[in-house]
Structure formats: structure tokens, C-alpha cells
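**Student:** got a predicted model here, sequence first, then my questions.
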Amino acid sequence: MKRAKIYKPSKTAMQSGTNNSKNWIIEFYTKKPGINPLMGWESSTDTLSEVKLEFSTKELAVNYARNNKLDFELLEPKVRKRVKKSYADNFK
């Protein structure tokens, strides 16, 4: 049975908005990659290491995992604390 993790990706450091982090992703845990003896690159024989499935909601991702009998781990996103700032606060 394959193991997977379901998570909502956080925004990258190069983004100011959260538009690219709306979808939930199923990513499979794979075997430890090895070193290719010919080229010295990291490689794996497990093709699921390249599979990432995107879903619009958490429920759809969980239902997919249950329907396909995947052993999954659900990682909830951390809630970001928003601090309201005003330009006028610089002059107090």
C-alpha cells in the first residue's frame, strides 16, 4: 500500500500573494533515491516520486485517497496572522 501526504502548499518567498497556493496536493512518499553510478546524479526507480495530484478542496483529495485505498497523512496549513498596517503609523 502506497503512503501519501495531503497538504496545501505555502507561498514561496518570491510571491507576495497566495494565489498559487489555493489547491490541495497529494504527494506520494517514495523510496530513498540512490546515486546513478554512471553520471553521479540522484535517481530513483520509483515512478511515483514524480506524481503530484492537485485538487481544489481538501475533501476531494481525501475522498480520492480513500477511494484508491491510499494510506495518507493530512497536513493542515498553518493559519497566518495578519497584522493591519497603516502608512500613517510611521508618523506617530
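**Tutor:** That came through, no problem. What you see is a predicted model; the values in this text were computed from it and never measured.

**Student:** residue 62 should be in a strand, yeah?
**Tutor:** No. Applying DSSP: H, G, I helix; E, B strand; the rest coil, one finds residue 62 to be helix, outside a strand.

**Student:** remind me what the helix or strand bottoming out on mean pLDDT in the chain packs against, helices and strands.
**Tutor:** Every helix and strand of the chain was ranked by mean pLDDT, DSSP states H and E. The lowest is strand 42-43, at a mean of 80. On a contact count with 3 or more Cβ pairs under 8 Å, 6 or more residues apart in numbering; DSSP states H and E, strand 42-43 meets strand 34-35. No exception for glycine: its C-beta is placed from N, CA and C like everyone else's.

**Student:** who's in contact with the strand it packs on?
**Tutor:** For strand 34-35, contacts defined as Cβ atoms under 8 Å, 6 or more residues apart in numbering pick out 41-44.

**Student:** that older thread, quick one: residues in contact with the least confident helix or strand of the chain.
**Tutor:** 33-36.
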